[in-house]
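In: Sequence first, predicted coordinates after that:
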Amino acid sequence: MSNVDYNIPEDLRYTEQHEWLRIDGKTAYVGISDYAQHESGDIVYVEFTSGVNQTVDAHEKMCVVESSKAASDVYSPVSGKVVTLNVELEDNPEIINEDPYGEGWMFEIEMSNPSEAQELMTAAEYKKFIEEAIS
Amino acid sequence: MVDSSSLKKTPFYDAHVKHGGKIVDFSGWLLPVQFKGMSEEHNFVRTSCGLFDVSHMGEFMVEGPDALKFVDNLITNDASKLNVNQVLYTPMCRDNAGVVDDLLVYKYSNVKFFLVVNAANIDKDFAWCNEVKNKMKADISLKNLSDGFAQLAIQGPKAESILQKLTSVNLSQIKFYWFCEGEVDGAHCIISRTGYTGEDGFELYFKPSEGLHLYDSILKAGGNDIMPCGLGARDTLRFESKLMLYGHELDDETTPIEAGIAWTVKLNKPSFIGKQILSEQKEKGTKKILAGLEMIDKGVPRAHYDVYHAGGKVGYVTTGAQSPTLKKFIALAYVPPELSRLDSVVEIKIRDKFLKAKVVSLPFYKREKK
């Protein structure tokens, strides 16, 4: 049905809510997938609901992404401490549409339980997950 | 994915899929919400031209000796002032002045009028028109022709030059809110210089069997100057231009005076349905009035969010978005009249925050007239 090919980098982990996670030693960077940004349409606003140094649990709400269609929540895939928020997105939310895996990253977490990351979907698993969702 | 089993398709469903449309359920119809992207389509209509499938709209024909009398009793605007081949935008109200629907009235003659109503309201409107007809004992025939018409809208500054390639009708002779009948690329059409985008443009009504090719032939005629557009762009385009969307700005509980379209209410007409309440509202004012808001604090206002002032709830948002033309976060909202003055500051509750917005003049966007 869909003729769009979504970019799903091999080296990332993914959630069913379409967040991606890039593991970098003890910390992890998180954003939303190419599929998610495409489904959202033009992203017009990002509001962080969590602050730097805050301790968060896996599945805790981190920010709200608003597109021309709707508002959707972004969750932390892992537990830990918030190291950085990409506040650049507050002024230029369209970066998420343009570069979801690069400049469009949303926050950095120092993981308290790195094994949580290993339970997330691999690129191959996520690809299958999307294909099932859109078929 | 949309469960399409119980949903209706327009004659152009396959064309939407072919052109990459993202299909959604819109009040029972499978229609494209976007093709390339909402704001890209929006901006293209403002600067060039967009093609919209609006075949889901409803069409009624009123014919008979009492046609004018019936229409003029039904609607709040004045059909008696219409010329042959002229189009009128109007609400129709119940006795309590609540809006049943807003519609276009096409005058063929004093004994023949064509009404175009909103898709979601076709059954309700047809029942209401029959109720009015019976109560008046009007000598007319009233037909619901909605299944017999497809409709395409060609909207934007380049609409005339593109459509002109496909017809020998001299389009420059059709003034805004006038219509004629003629051939477009071999299909017999009602050619109407109307639209729902705030731009110049045309709407074509035709039999689906005759005009199946028109979607592609119009795109071909427009080349790089036209693109297929979805309901998403249609909504932001009409919103910036403060064109009403039934179910948002208008509903059974809201009057045209409250909605700020008093220009469609002609109280000098001898009688029409809802006149008494509308006269009182015009004289004494209303409890709520539609206002344009622009966010002062950062946030995206959306339909149904509540509006607050001085710690209390005072109104609600009917439509909100980032304006693709103005790049500002704007909303239409019902507020008390005392808060509807320019630069009045109110708060919109967005999730758990109360964010400031100020009243601005409407419409948010107005095209430059040639």
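Out: Perfect, thanks for sending it.

In: hmm, who's touching stretch B:232-244?
Out: Residues from elsewhere that reach stretch B:232-244, judged by Cβ atoms under 8 Å, 6 or more residues apart in numbering or on different chains: A:41, A:68-69, B:33-34, B:38-39, B:41-42, B:45-46, B:50, B:52, B:54, B:102, B:155, B:196-199, B:245, B:250, B:259-261, B:292, B:319, B:321, B:323-326, B:330, B:332, B:362-367. Where C-beta positions appear, they are placed from N, C-alpha and C, glycine not excepted.

In: Report the buried members of these.
Out: By neighbour count, with 16 or more other Cβ atoms under 10 Å in any protein chain shown, the contacts of stretch B:232-244 hold A:41, A:68-69, B:33-34, B:38-39, B:41-42, B:45-46, B:50, B:52, B:54, B:102, B:155, B:196-199, B:245, B:250, B:259-261, B:292, B:319, B:321, B:323-325, B:330, B:332, B:362, B:364-365 as buried.

In: can you map out the helices along the chain?
Out: As the question left the chain open, I've gone with chain A. Ranges of helices within chain A are A:34-40, A:88-91, A:95-98, A:115-118, A:123-134, based on DSSP state H.

In: wait, chain B
Out: Ranges of helices within chain B are B:13-18, B:38-47, B:67-74, B:122-136, B:159-164, B:208-211, B:214-222, B:231-240, B:275-284, based on DSSP H.

In: Now do the shortest one: which elements does it pack against?
Out: For helix B:208-211, the elements it packs on are strand B:150-155, strand B:187-192, judged by 3 or more Cβ pairs under 8 Å, 6 or more residues apart in numbering or on different chains; DSSP states H and E.

In: got the buried residues for the last one?
Out: I take that to be strand B:187-192. Neighbour counts over strand B:187-192 (16+ other Cβ under 10 Å) mark B:187, B:189-192 as buried.

In: Pairing partners for that strand, with directions?
Out: strand B:179-184 (antiparallel), strand B:201-206 (antiparallel) (DSSP bridges).

In: most packed of these?
Out: Highest mean neighbour count of the strands paired with strand B:187-192: strand B:201-206, a mean of 25 (counted as mean count of other Cβ atoms under 10 Å in any protein chain shown).

In: relative to helix B:214-222, how tilted is that one?
Out: 140 degrees (axes from the mean of the first three to the mean of the last three Cα atoms, to 10 degrees).

In: what sits against the closest residue to chain A within the stretch 51-200 of chain B?
Out: Going by Cβ to the nearest Cβ, chain A is nearest to B:Thr197 of the stretch 51-200 of chain B, at 16.0 Å. Contact partners of B:Thr197, counting by Cβ under 8 Å, 6+ apart, are B:45, B:50, B:153, B:155-156, B:234, B:237-238, B:241.

In: Could you tell me which residues make contact with the closest residue to A:Val83 other than its chain neighbours?
Out: Computed as Cβ to Cβ, 6 or more residues apart in numbering or on different chains, the closest residue to A:Val83 that is not its neighbour in sequence is A:Glu108, at 4.3 Å. Residues counted as contacts of A:Glu108 (Cβ under 8 Å, 6+ apart) are A:27-30, A:82-84.

In: Within range of chain B, give me the residues from chain A.
Out: With Cβ under 8 Å from any Cβ of the partner chain as the criterion, chain A meets chain B at residues A:1, A:3, A:41-42, A:44-45, A:47, A:64, A:66, A:68-71, A:90, A:134-135.

In: from the residues you listed, which would you call buried?
Out: Judged by 16+ other Cβ under 10 Å, buried ones among the residues of chain A next to chain B: A:41-42, A:44-45, A:47, A:64, A:66, A:68-69, A:71.

In: So among those, where is pLDDT lowest?
Out: Across those, the smallest pLDDT goes to A:Lys69, namely 78.

In: shaky segments in chain A?
Out: Chain A contains residues with pLDDT under 70 at A:1-4, A:135.

In: swap that for chain B, please
Out: Within chain B, the stretches with pLDDT under 70 are B:1-4, B:370.

In: Would you agree A:Val74 is in contact with A:Met106?
Out: Yes - using Cβ atoms under 8 Å, A:Val74 makes contact with A:Met106 at a distance of 6.2 Å.

In: count of residues packed around B:Thr352?
Out: To be clear, residue B:352 is Asp; Thr isn't right here. As a burial measure, B:Asp352 scores 6 neighbours (other Cβ atoms under 10 Å in any protein chain shown).

In: Could you measure from it over to B:Tyr305?
Out: B:Asp352 sits 12 Å away from B:Tyr305, going by Cβ to Cβ, to the nearest Å.

In: now do A:Glu88
Out: Using Cβ to Cβ, one gets 27 Å for the distance from A:Glu88 to B:Tyr305.

In: Show me which of those two is the more surrounded one.
Out: B:Tyr305 (21 against 13).

In: give the contact list for that one.
Out: B:316-317, B:320, B:331, B:348-350.

In: Now that we have the contacts of A:Glu108, which of them are buried?
Out: So, by 16+ other Cβ under 10 Å, the buried ones in the contacts of A:Glu108 are A:27-30, A:82.

In: Just the ones of those residues in strands?
Out: A:27-30, A:82 (DSSP state E).

In: For stretch B:288-296, list every residue counted as buried.
Out: B:288-295.

In: what does stretch B:130-150 give?
Out: B:132-133, B:138, B:140, B:142, B:144, B:146, B:149-150.

In: Next, the distance between the ends of that stretch.
Out: From its first residue to its last, stretch B:130-150 covers 24 Å (Cα to Cα, to the nearest Å).

In: What's the separation between B:Glu51 and B:Ile350?
Out: Careful, residue B:51 is Leu; it's not Glu. From B:Leu51 to B:Ile350 the distance is 34 Å (Cβ to Cβ).

In: B:Ala310 too?
Out: 18 Å.

In: likewise B:Gln155?
Out: Counting by Cβ to Cβ, the separation of B:Gln155 from B:Ile350 is 31 Å.

In: And B:Leu278, by the same measure?
Out: Taking Cβ to Cβ, one finds B:Leu278 at 34 Å from B:Ile350.

In: Which one of those two is surrounded by more residues?
Out: B:Ile350 (26 against 22).

In: how close does A:Val52 sit to B:Lys266?
Out: From A:Val52 to B:Lys266 the distance is 61 Å (Cβ to Cβ).

In: So if I had to pick from these two, which one is more boxed in?
Out: Between A:Val52 and B:Lys266, counting by other Cβ under 10 Å, B:Lys266 is the more crowded of the two (19 against 13).
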